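Colleague: 3D, please:
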Amino acid sequence: MITNLQDIVTLNNGVKMPGFGLGVYKMEDGQSVVQSVKAALKHGYRLIDTASYYHNEEGVGQAVRESGIPREEIFVTSKVWNDQQGYDNTLKAFEDSLEKLGLDYLDLYLVHWPVTGKFKDTYRALEKIYEEGKVRAIGVSNFQVHHLEDLLKDCKVKPVINQVEYHPHLTQEELKVYCEKENIQLEAWAPLKRGGVFDEPIIQELSEKYRKTPAQVILRWDVQHHVVTIPKSVKEQRIIENADIFDFSLTKEEVKQIDSLNRNERSGPDPDTFV
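Modeller: Model (predicted):
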């Protein structure tokens with residue numbers, strides 16, 4: 001379990017990745033994303049998660065370059081979108097992302113969704129990029145257990161990450177157990193369900209007990225489950241607040257109480273029907 005904002009998890013290929021970061025989904029390219037990323041980096045964040053689909057890689061790259069922080073200290077993730085998938089298309093998509101970011105390499109590159117009939121060819125392209133040293137680690141996003149089982153039959157390089165929707169209303173216990181067994185790090189997108197769990201009585205109760213916001217309680221729950229998490233915000237104060245979760249701990253019983261809120265309820269698409 002990470003104990004501070006710069007603390008790391010070690011991925012299955014030995015690469016060290018910050019256990020907490022900033023997601024930039026739906027942030028407008030230009031000054032909005034540039035200022036948000038620069039604010040996060042200024043306040044100690046070292047993991048920035050973007051994707052070609054977010055259409056803000058240029059701004060992310062600009063913020064990284066202008067931050068004054070050495071490139072090797074910042075962990076940058078991007079992803080290949082569904083209409084870019086397939087072997088050759090993915091190789092091109094990666095180069096396009098690298099050019100937009102203005103970086104020489106990526107730290108992590110992910111298959112954004114398991115597109116039926118394409119995701120294995122897409123992942124083969126990721127393996128080539130990885131073998132060429134253009135990316136330090138490769139993984140997947142929104143993969144269910146059956147997608148991972150299918151991928152692991154043939155892949156040469158095991159994915160280091162599975163980034164999925166994960167929050168108290170969607171604890172994905174079966175998937176979490178499977179990823180732990182296979183040494184694939186689980187990473188949470190929409191960890192706050194876009195605010196959709198803040199009104200739960202147990203969250204409110206713990207918020208009052210620890211004098212923390214509902215968001216901080218939920219993000220602490222992520223950390224105690226050893227799940228990498230990437231909450232997003234364009235507001236500097238909220239970015240600071242989201243990371244202020246390392247001065248308290250939930251008890252085992254409180255973690256279980258939050259676990260019990262699970263409804264298998266998504267705020268985003270279902271990977272089995274989306275693509």
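
Colleague: use CA for all of it now, contacts and neighbours both
Modeller: Will do.

Colleague: quick one: residue 256 is in a strand?
Modeller: No. Checked against DSSP: H, G, I helix; E, B strand; the rest coil, residue 256 lies outside a strand; its state is helix.

Colleague: that one - how many residues pack around it?
Modeller: Counted with other Cα atoms under 10 Å, residues neighbouring residue 256 total 12.

Colleague: kindly report the same for the one 3 residues further on.
Modeller: One way to gauge burial is a neighbour count; for residue 259, by other Cα under 10 Å, it gives 17.

Colleague: then residue 156?
Modeller: 11.

Colleague: what's near enough to touch it?
Modeller: residue 127 (Cα atoms under 8 Å, 6 or more residues apart in numbering).

Colleague: how far does stretch 37-56 sit from its chain's centre?
Modeller: Centre-to-centre, stretch 37-56 and its host chain are 11 Å apart (Cα atoms, centre = their mean, to the nearest Å).

Colleague: can you check stretch 2-15 too?
Modeller: For stretch 2-15, the distance to the chain centre is 13 Å (Cα atoms, centre = their mean).

Colleague: which residues does that stretch contact?
Modeller: By Cα under 8 Å, 6+ apart, stretch 2-15 touches 16-20, 44-46, 136-137, 160-161, 183-185, 223, 226, 243, 246.

Colleague: from start to finish, how long is that stretch in a straight line?
Modeller: Separation of the first and last residues of stretch 2-15 by Cα to Cα, to the nearest Å is 15 Å.

Colleague: what's the mean pLDDT across that stretch?
Modeller: Averaging pLDDT along stretch 2-15 gives 97.

Colleague: now residue 271, nearest residue through space, not along the chain?
Modeller: residue 142 (6.0 Å; Cα to Cα, 6 or more residues apart in numbering).

Colleague: please apply the same query to residue 195.
Modeller: Residue 195 sits nearest to residue 215 (Cα to Cα, 6+ apart), 7.8 Å away.

Colleague: before we move on, what about residue 102?
Modeller: residue 61 (5.8 Å).

Colleague: how close does that neighbour sit to residue 198?
Modeller: Here residue 61 is placed at a distance of 33 Å from residue 198 (Cα to Cα).

Colleague: with neighbour numbers in mind, choose between these two.
Modeller: Between residue 61 and residue 198, residue 61 has the larger neighbour count (other Cα under 10 Å), namely 24 against 19.

Colleague: hmm, residue 100 and the more buried one touching each other?
Modeller: Yes. Counting by Cα atoms under 8 Å, residue 61 does reach residue 100; the two are 7.3 Å apart.

Colleague: how many neighbours does residue 146 have?
Modeller: 11.

Colleague: surely the residue nearest to residue 195 is in a strand?
Modeller: No. Counting by three-state DSSP, residue 215 falls outside a strand, being helix.
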